[in-house]
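**Student:** Have a look at this prediction, sequence included:
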Amino acid sequence: MKSVLTILLRESRLVSTQKALVLIFLLAPIVYAFMYGSIYAHKQEENVKIAVVDMDGSELSRMISTQLDATQIADVVTTSSLEEAAQDLYYGKVQGYLLMEKGLQQTVLSLQKTTITLVVNAGRFLPSSDLTAALSKISLTLGAGIRMKYISKQGTGSEAALAEANPLSLDYRPLFNESSSYGAFLLPGLLAIILQQTLLIGLVASMGIEREQAFTGLFQAGSNSAILTAKSSFYLLCFLIIGLFFVTINFSVLQVPMRGSGGNLFILSGIFIAALIPMGLLIGSFFKTPLMGMQVMAFTSYPFFLITGYSMPYHSLPQLVQWIAALLPTTPFLQSYQLIVQAGGSLFDTRQALLHLILLWLLYSLLFLIRLQFIRKKMIPGGTIGSD
Amino acid sequence: MTKILHIILREWKRILSLPAHYVVLLVIPPIIFLFFGFIYNKKFAEELPVLVWDEDQSALSTQLIRLLDATKSIQISQTAGSESEVRAAIKSGKVYGAVHFPRHLEANLKSNHAASVTVFTNAAAIVPAKLIYKDAAGVIIKGGLAVVLEKFTRQGMPEEQAMALLQPIELHTVTLYNPDYNYQQYLTPGLITVGFQMALILVGVLLINYEAKTKTWEELIQTASGSASTIIIGKTLAHLTVAWINFILIVGVIFPIFGLSKAGSIGPFFVLFTLLSVACIGIGILVSTCINDVITATDVALFYTSPAFVFSGFTFPRWAMPWYDQFYANLMPYTPFLDGFIKVYFMELPLSYAVKESGILLLFIAISLGAAILLLQRKINTTKIARA
């Protein structure tokens, strides 16, 4: 117990005296959380510029243009020619253009089929898919309106005409993110990944410092298990406070809906951080300098985030990538976290992912203890002083 | 000129001998580039598990279920008997969505009464939710229109007219540059370039201050005869050649492996890549000149480069971000690079369409290298005075 306390105090001195560690452990998570979070402050994509080439100049074409402009997603830019619209697309001034050819209204009035053409730039997914969805909705609604008008003219009452014109409708219910907003989807995961990466980079850097100092002081201060216990306790406490800050301040500032219990999230975050600590310490023990550790860890942020199944569904990732992802505490954590924060689930609902997380915690703790024993033997020839 | 050549040769030696240089510039890039390609090797999110709650059990609902199962995104994986079962299955993550066919669906449609089919999705996972919605909406809308068509033809309407009334205004969508919404084509090139700018800046921040750590500062000044511009030009050119090696790796190896090559875009891409590389090296050198401590400089580099991908507007458009985030995005060279890259690589347009972006990158180069030369010269002069 005494050695645990000694190492704990030693760790707090190490962090407080190293400017780089203070920046990583304390400043970076808070600043990153606000910085990244603020990107999605508006939650949804709005006002995507789209050029409209209205060669018909009719009431109907103007109505389509006005309805498009009235949607939250589109911001209509009137263009005089197809060439101009295409050039605007090439220069990135608009993300797409809508072409309504001459005779549009006349064709519709003569009960013939007509076509409007939407050209979108799918170089970026979100604007192109949102524009397509908005215009599809408008064309379907207008189509239903025209059918209804035709049926009404045959002598059917308006209510019955509506039912006949659009007999089968779609009732869409997006659960746990009712507005299907990109921000509400990404923010919780982003905050979790910020917590993870700052902790991992900091731990790797701190182990690099220990190694640079040939572990002097650390091995003398206590056994391997005391080192793991003390370091884990110190960082667990620090990052639980940061996690609490995220949930209370960031969630409220960024209006992240919290549907589950705070207590459940606290327990889950505790196990997650506890699993990350031995993982970070283990990785860090392989780097000779803190610089090298930080450099390498910098490249893990995107891959770690991408393979957890957040950007692409987990089961759509290659099998090998799924296996690698299963070794990261973030993968089960984000599954549980989404369930608790966004779907309002309980720890029991997410027991499988929770068990996965606990197993990773035990695995990395064991591997770190073995690694420490190995280093200790290497550092102190012929002896295992102070080891377990 | 000879002195610059000496600095270039000296820097090449350093790149090949210092782990903090060669690991980041030559070892990590091929690994992460391949990984970024491999993550999205399945290219699409397909066959997403979806539940069916069929209360109608009619020929129509069976037909619609079959059509849903035949779509790219949806795989009917299980059935449910109530809304609570639907919600529980979505919450547990076993399915991404559900489709509900209400009782008397077919009978209502046959008796000219409107009916609706409900589609539930787990919108906390927005990508699968959007894909399921898109495919389900397509099937249900077509199903509804088939009912209308049957009615019109039964009433003796000519088929051509009936078809025209079904969809009087057809939306013809032309999706340019990535018509299938292929994830690998979309994300891998962007992730590769963002990874590389990170590598350049992470090493760039060590170009001056690391000389003190390797105790070669004096020798550097002597080789350059005390000229800051010689040092910076020499080092920049040496690192630019390493950037070109990575360009060859990207264009010659990585892109062909994953089928991402676009022959017509190589020239303009090379120009933009070179401008991005010099801008990143310039920013790195500037930081390295200002901050003597290598760990703190790496901290700054990490903080500066990590958000580049998110802030550049690749996944969430910049115009949807608050103004201060848009401002911050403009402080990173990756932002203009990405805008230009989309034009010359994804859209395969000539470089003339990316003149503005190239100009901004040149501005980054002029400011960063100019300031670095001034500051470094002052530093060298101070060293000379101190020595004197």
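**Tutor:** Thanks, I have it. Please read these numbers as outputs of a predicted model, since none were measured by experiment.

**Student:** For the stretch 51-200 of chain B, which segments count as strands?
**Tutor:** Along the stretch 51-200 of chain B, counting by DSSP state E, counting those that start in this stretch, strands occupy B:74-79, B:97-101, B:115-122, B:169-176.

**Student:** Just name the most buried of those strands.
**Tutor:** Among the strands of the stretch 51-200 of chain B, strand B:97-101 has the highest mean neighbour count (mean count of other Cβ atoms under 10 Å in any protein chain shown), at a mean of 26. For every residue, glycine as well, the C-beta is placed using N, CA and C.

**Student:** Need the contact partners of that strand.
**Tutor:** B:48, B:50-56, B:58, B:61, B:64-65, B:68, B:74, B:80, B:83, B:86, B:89-90, B:117-122, B:128-129, B:132-133, B:136 (Cβ atoms under 8 Å, 6 or more residues apart in numbering or on different chains).

**Student:** next one: phi and psi at the closest residue to residue A:96 other than its chain neighbours?
**Tutor:** By the measure of Cβ to Cβ, 6 or more residues apart in numbering or on different chains, the closest residue to residue A:96 outside its immediate chain neighbours is residue A:120, 3.8 Å from it. Dihedral angles of residue A:120 (phi, psi; degrees, to the nearest 10) stand at phi -120, psi 150.

**Student:** can you pull the contacts of residue A:120?
**Tutor:** Residues near residue A:120 by Cβ under 8 Å, 6+ apart: A:95, A:96, A:127, A:128, A:131, A:132, B:173, B:174, B:175, B:176.

**Student:** How about residue B:125?
**Tutor:** A:185, A:313, A:338, B:96.

**Student:** can you rerun that using 7 Å?
**Tutor:** Counting by Cβ atoms under 7 Å, 6 or more residues apart in numbering or on different chains, residue B:125 makes contact with A:313, B:96.

**Student:** Distance check, the nearest residue to residue B:45 once chain neighbours are set aside against residue B:329.
**Tutor:** Of all residues not flanking residue B:45 in the chain, residue A:316 sits nearest, at 4.4 Å (Cβ to Cβ, 6+ apart). Remark: distance between residue A:316 and residue B:329 (Cβ to Cβ, to the nearest Å) = 29 Å.

**Student:** And for residue B:240?
**Tutor:** 25 Å.

**Student:** And for residue A:235?
**Tutor:** Counting by Cβ to Cβ - residue A:235 and residue B:329 are separated by 32 Å.

**Student:** Next: residue A:309.
**Tutor:** 27 Å.

**Student:** Of these two, which one has the most company?
**Tutor:** More crowded of residue A:309 and residue B:329, by other Cβ atoms under 10 Å in any protein chain shown: residue A:309, with 24 against 21.

**Student:** Tell me the secondary structure of the more buried one, please.
**Tutor:** Local secondary structure at residue A:309 is given as coil here, using DSSP: H, G, I helix; E, B strand; the rest coil.

**Student:** For residue A:307, see how far away the spatially closest residue to residue A:318 that is not a sequence neighbour is.
**Tutor:** Of all residues not flanking residue A:318 in the chain, residue B:41 sits nearest, at 5.1 Å (Cβ to Cβ, 6+ apart). Computed as Cβ to Cβ, the residue B:41 to residue A:307 distance reads 12 Å.

**Student:** buried sites along stretch A:210-230?
**Tutor:** Going by neighbour count (16 or more other Cβ atoms under 10 Å in any protein chain shown), the buried part of stretch A:210-230 is A:210-211, A:215, A:218-219, A:221-224, A:226-230.

**Student:** For residue B:188, give me the pLDDT.
**Tutor:** Looking at residue B:188, its pLDDT is 94.

**Student:** and residue B:357, how many neighbours?
**Tutor:** 24.

**Student:** That should have said residue A:348, apologies.
**Tutor:** By other Cβ under 10 Å, 8 other residues sit near residue A:348.

**Student:** same question, residue A:130
**Tutor:** 24.

**Student:** Also the one 5 residues further on?
**Tutor:** As a burial measure, the neighbour count of residue A:135 was computed by other Cβ under 10 Å and equals 24.

**Student:** could I have stretch A:79-86 exported to PDB, CA atoms only?
**Tutor:** Provided in PDB are the C-alpha atoms of stretch A:79-86 (Å, rounded to 0.1, in the frame of the first residue of the first chain):
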ATOM      1  CA  THR A  79     -27.900  30.400 -63.300                       C
ATOM      2  CA  SER A  80     -28.500  31.500 -66.800                       C
ATOM      3  CA  SER A  81     -27.000  28.600 -68.700                       C
ATOM      4  CA  LEU A  82     -26.000  25.000 -68.300                       C
ATOM      5  CA  GLU A  83     -22.400  25.900 -69.100                       C
ATOM      6  CA  GLU A  84     -22.400  28.500 -66.300                       C
ATOM      7  CA  ALA A  85     -23.800  25.900 -63.900                       C
ATOM      8  CA  ALA A  86     -21.300  23.300 -64.900                       C
END
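
**Student:** what comes into contact with it?
**Tutor:** So stretch A:79-86 is in contact with A:51, A:52, A:53, A:88, A:97, A:99, going by Cβ under 7 Å, 6+ apart.

**Student:** now do stretch A:108-116
**Tutor:** So stretch A:108-116 is contacted by A:60, A:64, A:98-100, A:104, A:107, A:139, A:146, B:161, B:163-165, B:167-172 (Cβ under 7 Å, 6+ apart).

**Student:** give me that answer again for 8 Å
**Tutor:** Applying Cβ under 8 Å, 6+ apart, the contact partners of stretch A:108-116 are A:60, A:64, A:98-101, A:103-104, A:107, A:135, A:139, A:146, A:150, B:161, B:163-165, B:167-172.

**Student:** Filter those residues down to the buried ones.
**Tutor:** By 16+ other Cβ under 10 Å, the contacts of stretch A:108-116 give A:60, A:64, A:98-101, A:104, A:107, A:135, A:139, A:146, A:150, B:161, B:163-165, B:167-169, B:171 as buried.

**Student:** which bits of the stretch 151-300 of chain A sit near chain B?
**Tutor:** Contact residues, the stretch 151-300 of chain A versus chain B (Cβ under 8 Å from any Cβ of the partner chain): A:160, A:162-178, A:180, A:182, A:184-186, A:201, A:205, A:289-292, A:294-296, A:298-299.
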